[in-house]
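Q: the amino acid sequence is not available; the structure is as follows:
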């Protein structure tokens, strides 16, 4: 099983994210783990999810985020039928503001 991505590896990654103590540590971790482009893409998806939840149209979201229609469709599917991750995180961010 060497060389395969395992459930244990994924759980270790999840545990690492949960172990982050603050925004500065999170930023350092993200910059070590992901490329700048990947971070930008994740940020773009989160913003698109926020705008979808706010009721904005695909055209408005694409204009504001420059997200592709295919990626926006995937984000929309997750917002509507996913496990609730986007909504949960966005609710926490809204309460914090």
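A: Great, that's in hand. This one's a predicted model, so the numbers in the text were calculated from it and none came from an experiment. Residues are numbered from 1 along each chain as shown.
Q: list the contacts of stretch 90-97.
A: Residues outside stretch 90-97 that contact it (C-beta atoms under 8 Å, 6 or more residues apart in numbering): 46, 49, 50, 53. Where you see a C-beta, it was placed from the backbone N, CA and C, and this is true even at glycine.
Q: for it, the distance to its chain's centre please.
A: Remark: stretch 90-97 is offset 15 Å from the chain centroid, using C-alpha atoms, centre = their mean, to the nearest Å.
Q: in it, what's buried?
A: Neighbour counts over stretch 90-97 (16 or more other C-beta atoms under 10 Å) mark residue 90 as buried.
Q: and if you look at stretch 58-68?
A: 61, 62, 65, 67.
Q: now find how far off-centre the helix or strand encompassing residue 9 is within its chain.
A: Assigned by DSSP states H and E, residue 9 falls within helix 7-19. Here helix 7-19 is found 16 Å from its chain centre; the criterion is C-alpha atoms, centre = their mean.
Q: okay, domains of this structure per the record?
A: Residue ranges for the domains of the chain, per automatic domain parsing: 1-33, 35-97.
Q: tell me the mean pLDDT for the first one?
A: Just to be clear, that refers to domain 1-33. Throughout domain 1-33, pLDDT has a mean value of 94.
Q: give me the distance between residue 81 and residue 50.
A: 17 Å (C-beta to C-beta, to the nearest Å).
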